[in-house]
Each structure stands twice: as C-alpha cells, then as structure tokens.
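Novice: A structural model of the following input is requested.
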Amino acid sequence: MKDHKKAGLIDCYISQFPPDVQKRLHLLREMIRKAAPEAEERIAYEMPTYYLNGNLVHFAAFKKHIGLYPTPSGIAAFREELAEYKNAKGSVQFPHSRPLPYDLIRRIIEFRVDENSKAAVPKGKRVFLTDEAVNKSTGRGWNDWFAILTKNQADRLQHKDIVILLSDKYKVDGWWAQNIMVEYERYLGKRQVGQVKDGTFQTAVSKTLSGNPDQIFELCLNAVHDVKDFNSIPLAEKPSISQSEKWRYWRVNLQDGSKITITVGAKTPEKSIITFSNEKLKRQDDIEPWKVFWKDFLNKL
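Specialist: Just a heads-up that it's a prediction; the model follows:
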C-alpha cells in the first residue's frame, strides 16, 4: 500500500474507537495486508476497504462487534465455519467478547485474493461504471458478474437472453441487468467503452447544483436559448422541451446525426442534478471532446 494519504484515512477511522477496539482493528488490518499485500487500501462506504481487481473486502467496527464484508462469495465459501457467528449474505460479525478467529479470516482473505485474481479484467478492457457502484446496487463487483456470466456460457447468448438470465436467475433489476450485459460484452471485446447495441457511442456528464429542478432547468434554458451549434456542430432542427413529475428534458438533433439531451431532476430538496448526454456518436474518439465541452459548459452555468 503506497498511498499514504489513503492509509492515513484508515488510521483516522481506527482512532475514533476505544483503545481495546483499536487494537483489534490494527491486528485485523495487518492480517489483511499480509494476506493481500498487493491490495490497495481506501475508504469506501465509510469503511476501510481493500481493492484488488475489484472490491476485495471491507471491515468496520461497531459497539459490540467488528463486521467483516468479504462479498457474498467469501461468506458462502466458509459458510460452515462461520455458522457460529452472526452472518448475512455478504457479511459476518465478530463480537468484541471473543478473540478474532485470525486463521479463518486469513483464509477468507486468501480465498478472495485468489477469486479476484482469476477473474481479473484484462488490461484495456475497462468498465464504464465503477466497481463500487455495481457492488453497492447488486451485491457483486464486476469480476464476480463476469465470472458468473462466463460460467453460464453467456458469451454464446444474445443481448436479450443475457438480460433475461440476470433478471430471472439472479434477480437483478432491469436497469442493472442491461448495464451488466453491456459491460460483459465490452469485457469480451464485443463492444468498446461507450458503444451501444447499434454500434454508435454515447456519453454523459453530470453536476449537482443548488436549486430546485425548475430553477436549474430555467438556468439551463437561458444558457442554450440562442445557441446555434454545440461543439462546432450546428443544430439540425428546433429543440424540444418536455417534462414529467420528476424530470425536465431539453432535446435536439445535430447535423452530424448525433443527439443531445439535457436532463434536470431533484437530488435533494435543496439540490438538483443536471446531465448533458450525447447519443448516436459515430466514433469512440468523439466521446472525450464532448466530455471536455460539457464540463466547460457546466462550469459556466
């Protein structure tokens, strides 16, 4: 672990607990470091986290126990040995009233290291959504999903059949099933990052601003009112405006065949999120210039 700033964050996390709990946390931390020397230390979900080709393990201290979070596969692999401890799908509780089972924890960590190493994403096949995001929403990281889909021979399935597999067998909701399918096809080399089913590309840039959706949408409309081109590409038609109870939309087609959508919605009672997205881009190389353009545009709002 070479990032001293991130290591310092974990030091700060541990320091907030009583001395006897701190001692247990330091011992647990050292054990994880020895079992996973190549893992990166970071804080995620407000917990000390170890990252190696995806999330490896988290731990956290509570009033009466230390929680270890080695993902669902880490719990399932040691289900019998963990039976004497309170555990759930992806976590186990080690009470402060008992010594930590160091040998068992070491073996769980080594199992997770081996699992993540075998399912490592090849260099250059970067996923578009973060590992933290998919893990938080589905209970599994990208490497876990890629391994599951490979085991189910999803490389032989059509797009819709992969989505059905994820939805029916693994109870993944529709939006995440679609995104896991897309990332798996990128992982296989069937798609490039940002590429969608029809072969074109898309991208989006978002920012949170103070104000309700109507206020932010009006601000946006004022900013685009007299604009005749975006990123030096002329408009092909008059923009359209629509809204639902939660969202406000501004859409326009450009002369190169691509489309722009501006979306505004509430994030909190006091803040809104605004997103500038592009669809029907012809090349992956078009993505980065649009990201730079929208970031500059947002900074001027």
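
Novice: drop to CA atoms for contacts and neighbour counts, all remaining ones
Specialist: Noted.

Novice: Pretty sure D285 sits in a helix.
Specialist: Yes. The assignment for D285 (DSSP: H, G, I helix; E, B strand; the rest coil) places it in a helix.

Novice: okay, now it: neighbour count?
Specialist: If you count neighbours by other C-alpha atoms under 10 Å, D285 ends up with 10.

Novice: Give the burial count for W290, as a bare number.
Specialist: 21.

Novice: Work out for me the element it sits within.
Specialist: helix 287-300 (DSSP states H and E).

Novice: same for that helix, what does it pack against?
Specialist: Contact here means 3 or more C-alpha pairs under 8 Å, 6 or more residues apart in numbering; DSSP states H and E; on that basis helix 287-300 packs against strand 201-210, strand 271-281.

Novice: Buried residues, that helix. List them.
Specialist: 287, 290-291, 294, 298 (16 or more other C-alpha atoms under 10 Å).

Novice: picking that back up, out of the helices and strands packed on helix 287-300, which is closest to I105?
Specialist: strand 201-210 (40.2 Å; C-alpha to C-alpha).

Novice: buried stuff in the next helix or strand after that closest one?
Specialist: Next helix or strand after strand 201-210 toward the C-terminus (DSSP H and E): helix 213-224. For helix 213-224, the neighbour count (16+ other C-alpha under 10 Å) marks 213, 216-217, 220 as buried.

Novice: Any chance of the residues you listed in CSV with distance to T71 as columns?
Specialist: Below are those laid out as CSV (distance: C-alpha to C-alpha, whole Å):
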residue, distance to T71
P213, 37
I216, 39
F217, 40
C220, 42
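
Novice: Make a markdown table from the helices and strands packed on helix 287-300 and add distance to V21 and mean pLDDT to it.
Specialist: Shown next, in a markdown table, are the helices and strands packed on helix 287-300 (distance: least, C-alpha to C-alpha, whole Å; pLDDT from 0 to 100):
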| stretch | distance to V21 | mean pLDDT |
| --- | --- | --- |
| strand 201-210 | 38 | 88 |
| strand 271-281 | 38 | 92 |
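
Novice: Point out the most buried one among these.
Specialist: Highest mean neighbour count among these (mean count of other C-alpha atoms under 10 Å): strand 271-281, with a mean of 20.

Novice: partners of that one, with directions?
Specialist: strand 201-210 (antiparallel), strand 259-266 (antiparallel) (DSSP bridges).

Novice: For N179, which of those is the nearest?
Specialist: The closest of the strands paired with strand 271-281 to N179 is strand 201-210. By C-alpha to C-alpha, the value is 13.4 Å.

Novice: Please work out the angle formed by the directions of that closest one and helix 213-224.
Specialist: 120 degrees (axes from the mean of the first three to the mean of the last three C-alpha atoms, to 10 degrees).
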